[in-house]
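Participant: dropping a prediction and its sequence here:
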Amino acid sequence: MPSSPIPRDTVVDALVDRLRDDVLSGRYPPGSYLPPERDLAAGYEVTRTSLKHAIVRLAQAGLLETRHGVGTRVRDYERLGGPELLPMLVSTVGAAWMAEIFEVRREVGAQVAAKAAVHATGEQRERLRELAARVRDAAGGEEAQLAECEVHRVVAAATGNRVYGFMVNALLNAYLAVREGFTHAFADPPAAADRLAPLIDALCEGDAARARAAAGAYFAETESIMRGER
C-alpha cells in the first residue's frame, strides 16, 4: 500500500492522479480488483468520501468499473478503452505511448489533409491562412504552438467528417497534456510557419495529392524536431 500521505488542499485531484498512476504502472493490473474501500482509503490517508469521488472520475475516464456489492475492478483499458484515455497514458507512461501517437499523427494526418483539401469551405481556407499568419507572428514558442494546434482542428473540421474531428481532438488532447516538452519546436515562429506553409498552400489550393504529401513531410519533420533528432 502507498506510504506517503496525499496533500489535503487538492485531495481528490491528487488522489485521482495517484490512483491513476498506480493503475497504469501495474500496481493494480487490468482485471484485478482494488482493495476494499476502507483499506484503500487508509493506505492513501484520505476519507472514503474522497476515495469514492476519485473512483467515480476514473470510472468516467474508462480505467475502472464499480459493481455494487462486488467491488471496483480495473478495466482492460487497452482492449476496451477509447481515445479519452490517451492524455492519461501519455502523462503517466510516457515515451512508448508518445511514439505511437506520433505514428498515428503521421498516418491519420495525411489522410485528413487530403480530404480537407477537397472539402474545405472558403471560410475554412481563410481561417487556415489566418492561423498560419498567427504562427508566423507569434510572440514566442508557446503562442506559435497553440496556433499550430488550432490549424489541425480546422483541417479536421474541413473534412466534413466529424469522426476525423474526434480523432484529431483525441491526438491533440494527448499532445497538449505534455506540450511543454515540445515547445522548443516552435521557438522560432517564422521557421515554424515556413515548415507549415507548403501544407497550408496545398490545402487552400484544393490539391489533395499535394496536401497528403505535404502533411506527411510536415509531420515527419516536426516529429524529428520535437523528439530532439534535429
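Facilitator: Nice, I can see it.
Participant: name the helices or strands packed onto the lengthiest helix in the chain?
Facilitator: If each helix of the chain is counted by residues according to DSSP state H, the longest one is helix 95-119. The helices and strands touching helix 95-119, judged by 3 or more Cβ pairs under 8 Å, 6 or more residues apart in numbering; DSSP states H and E, are helix 86-92, helix 141-158, helix 162-176, helix 189-204, helix 208-226. Where C-beta positions appear, they are placed from N, C-alpha and C, glycine not excepted.
Participant: and the contacts of the worst-scoring helix or strand of the chain on mean pLDDT?
Facilitator: For the chain, scoring each helix and strand by mean pLDDT, DSSP states H and E identifies helix 86-92 as the least confident one, at a mean of 71. Around helix 86-92, the neighbours that count as contacts under Cβ atoms under 8 Å, 6 or more residues apart in numbering are 20-21, 24-25, 61, 63, 97-98, 101, 170-171, 173-178.
Participant: what's the answer for stretch 71-78, then?
Facilitator: With Cβ under 8 Å, 6+ apart as the test, stretch 71-78 has contacts from 23, 28-34, 36-37, 55, 59, 62-67, 81, 85.
Participant: where does the record place the domain boundaries for this structure?
Facilitator: Domain assignment for the chain by automatic domain parsing gives 11-80, 83-226.
Participant: so which of these is the most packed in?
Facilitator: Of the domains of the chain, the one with the most neighbours on average (mean count of other Cβ atoms under 10 Å) is domain 83-226, at a mean of 18.
Participant: in helices only, show me the contacts of stretch 71-78.
Facilitator: Counting by DSSP H, the contacts of stretch 71-78 contribute Val23, Glu37, Ile55, Ala59 to helices.
Participant: okay, among these, which ones form the most distant pair?
Facilitator: Maximum pairwise distance in the ones in helices among the contacts of stretch 71-78, criterion Cβ to Cβ, is 15.5 Å, between Val23 and Glu37.
Participant: any idea which of the helices and strands packed on helix 95-119 gets closest to Ala110?
Facilitator: Ranking the helices and strands packed on helix 95-119 by distance to Ala110, with Cβ to Cβ as the measure, places helix 208-226 first at 4.5 Å.
Participant: tell me the helices and strands packed up against the closest one.
Facilitator: Under the contact definition 3+ Cβ pairs under 8 Å, 6+ apart, helix 208-226 sits against helix 95-119, helix 189-204.
Participant: let's see that with 10 Å instead.
Facilitator: Helices and strands touching helix 208-226, by 3 or more Cβ pairs under 10 Å, 6 or more residues apart in numbering; DSSP states H and E, are helix 95-119, helix 141-158, helix 189-204.
Participant: so what does the shortest one touch, helix or strand wise?
Facilitator: Meaning helix 189-204. With contacts defined as 3+ Cβ pairs under 10 Å, 6+ apart, helix 189-204 has these neighbours: helix 95-119, helix 122-137, helix 141-158, helix 208-226.
Participant: where does pLDDT dip in the protein?
Facilitator: Filtered on pLDDT under 70, the chain yields the residue ranges 1-9, 91-95, 230.
Participant: Arg129 contacts Cys204, doesn't it?
Facilitator: Yes - judged on Cβ atoms under 10 Å, Arg129 makes contact with Cys204 at a distance of 6.4 Å.
Participant: can you show me the CA trace of stretch 145-152 as PDB?
Facilitator: Taking C-alpha atoms only, stretch 145-152 is exported to PDB below (Å, rounded to 0.1, in the frame of the first residue of the first chain):
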ATOM      1  CA  GLN A 145       2.500  26.000 -30.800                       C
ATOM      2  CA  LEU A 146      -1.100  26.700 -29.700                       C
ATOM      3  CA  ALA A 147      -1.900  28.400 -33.100                       C
ATOM      4  CA  GLU A 148      -0.500  25.400 -34.900                       C
ATOM      5  CA  CYS A 149      -2.800  23.100 -32.800                       C
ATOM      6  CA  GLU A 150      -5.700  25.100 -34.000                       C
ATOM      7  CA  VAL A 151      -4.700  24.600 -37.600                       C
ATOM      8  CA  HIS A 152      -5.100  20.900 -37.100                       C
END
